[in-house]
Every structure is written in structure tokens, then in C-alpha cells.
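Student: Task: produce atomic coordinates for the following.
(one chain, ligands or ions: 3)
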Amino acid sequence: MILELDCGNSFIKWRIVRRADAVVMAGGVVDSDKALLLAVGAAGLSPRFCRLVSVRSEEETSVLVEALIANFALSVRKAGPARELAGVRNGYEDYQRLGLDRWLALLGGYHLAKRACVVIDLGTAVTSDFVSASGEHLGGFICPGMPLMRNQLRTHTRRIRYDDVSAEQALTSLAPGRATVEAVERGCMLMLHGFVLTQLEQARAQWGEEFTLFVTGGDASLVNQVVPLARVVPDLVFVGLAIACPLD
Ligand SMILES: Nc1ncnc2c1ncn2[C@@H]1O[C@H](COP(=O)(O)OP(=O)(O)OP(=O)(O)O)[C@@H](O)[C@H]1O
Ligand SMILES: CC(C)(CO)[C@@H](O)C(=O)NCCC(=O)O
Ligand SMILES: [K+]
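Tutor: Ligands and ions are numbered 1, 2, ... in the order given. Purely as a prediction, here's the structure:
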């Protein structure tokens, strides 16, 4: 069994896959190291190996790795930056600065598409990355995700206040809002839609229709309707993780 972790800024996505055939045996989303240790322990599968990607600080990541080793006596491999891997060339001026979750998701996308692709990851932040048919990573974009947009408005204004239930109800339509909650929720949603559509425009300008658009991340479902042809691959980071951290 292999424990796989995607340590994001807000949550840790985890799963345990069988080594022989990569079948997913257990998995989930947790919001702390402690919750992760509990969840993995409760799965009762005793993974002997762990591979992980983290966009957290070195210190935070080390604390987690130590805890995993102490609790489960497994050997841990961390994905690291690379100039080039699996036929893809990192497009950043300083390749070490590209977020490792982005790097793995685009490696996963290129591996699945085997042609030009755009990878959009909707989490705490929303990111987009472009890879050409020949495996050149052309760069990408970073902007705030839905939770950050809405929290910035709540934090920096005095009169924007509403609860989660009304937020969810507000999103049953995207018509102009007639209440604060509708105006904010629908406004932020349209920002997200607009972002996704401009990515599509840039891709078409470069490649015509010869590319694959991937959508991943916890909030992927928010943009489904605007890009019906997109491939929604929730575990794209894990696809890349297996490429970056092979066990043998
Ligand atoms: N306690 C929870 N249990 C199950 N799912 C949760 C829980 N908390 C959040 N989620 C969901 O898990 C997903 C988190 O994945 P996401 O890709 O957004 O990760 P993130 O850490 O916020 O972002 P990033 O990896 O980009 O930094 C979201 O869809 C969120 O709604
Ligand atoms: C952009 C995030 C936060 C998305 O999770 C992550 O990929 C990250 O911390 N990246 C480092 C900055 C960069 O990619 O340019
Ligand atoms: K992510």
C-alpha cells in the first residue's frame, strides 16, 4: 500500500493506493496534520510507503513527515522541483519557484492528453498552466479562488456579512443580485467563469482546437457548465505525483 498526500494551503488531500495495480483503497480531505494521522490510522491499511507533494513551508512539511514516520513507520518521498521531467520542460525562469502542485498537475495533464493542454486547478488559489504539444511549459496564471475572493470582501468591508447557507442558496442563479449575498456570491462566481473563459481564449489563439483543457481541485465543479468540453480530473495532482515519485 502507498499513502499519497497533496498538502495544499487549506487542506490535505490523502489516499491509499494498492501498489500492484494502483487501485484506490481509501482517501479523503482533512484540515490538519492531526486529522490526517487519525484518518490514515482508521483506514487500517498499514501503508509502507508514502509519497507527497506540499506547497506548505519546509518546516510545516517536515513536522508532518516526522509524524508520519513516527506513527506508521513508513518511508516517505517528497516531490521536488525539476527543470525537466517525463517529456515536460518547466517554463519558469527559476524552475524551483513553480508551485509543486502546479508542476505535478501539468505533468499529469500532459501524460494523459499527450498533446497541448491547459490545466486549471481551483483550490484556495486558482491556477492555470499551459503546456505545448512538444512538452514546453509556457507558464501560467495565479489568482484568488472562491474562498479567498469572498473572504477578502468580508474582511475589508463593513457591510458585507452573510452565512454559508444563504451563500449556497444565492448560487442557484447568476442573475444580477438583489441582496448582498447574491451580489457577492454571483459576482465572484462570474469572476471565476471569466477567468476560465479567457484561458480557453488564449489556448485557442495558440493552438486552435488542438488541445485538452483539464479542470481539477476542490472547486472544479464551479466552472463545469462554462467549459462543458473540459476533462474534469479530480486526482490530476496524484497522477503527476506518481510520475515524479516512482517507487522503484
Ligand atoms: N473537512 C472536509 N471534509 C471533506 N472535504 C472537505 C473538507 N473541507 C473541505 N473540503 C473540500 O475539499 C476540497 C479541498 O480541495 P482544494 O483543492 O480546494 O484544496 P486546498 O488545500 O484548499 O487548495 P490548494 O491545494 O489549491 O491550496 C474542497 O472542495 C473543499 O470543499
Ligand atoms: C499558487 C499555489 C498557492 C497554488 O496552490 C502554489 O502553487 C504555490 O504556492 N506556488 C508558488 C508560486 C508559483 O507557483 O509561482
Ligand atoms: K492544489
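
Student: give me the number of residues near residue 83?
Tutor: As a burial measure, residue 83 scores 9 neighbours (other CB atoms under 10 Å). Using the backbone N, CA and C atoms, a C-beta is placed for each residue, glycine as well.

Student: List the residues that contact the residue lying closest to it once chain neighbours are set aside.
Tutor: Distance criterion CB to CB, 6 or more residues apart in numbering; nearest residue to residue 83, sequence neighbours excluded, is residue 95 at 4.9 Å. Contact analysis of residue 95 by CB atoms under 8 Å, 6 or more residues apart in numbering lists 81, 82, 83.

Student: before we move on, what about residue 36?
Tutor: Counted by CB under 8 Å, 6+ apart, residue 36 has contacts 5, 12, 14, 30, 64.

Student: now, which of the residues you listed lie within helices?
Tutor: residue 64 (DSSP state H).

Student: need the contacts of residue 36 in TSV with neighbour count and pLDDT, can you?
Tutor: Shown next, in TSV, are the contacts of residue 36 (neighbours: other CB atoms under 10 Å; pLDDT from 0 to 100):
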residue	neighbour count	pLDDT
5	26	98
12	21	98
14	23	98
30	17	98
64	22	98
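
Student: Format the contacts of residue 36 as JSON lines; extra columns: distance to residue 247.
Tutor: Below are those laid out as JSON lines (distance: CB to CB, whole Å):
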{"residue": "5", "distance to residue 247": "15"}
{"residue": "12", "distance to residue 247": "21"}
{"residue": "14", "distance to residue 247": "17"}
{"residue": "30", "distance to residue 247": "24"}
{"residue": "64", "distance to residue 247": "20"}
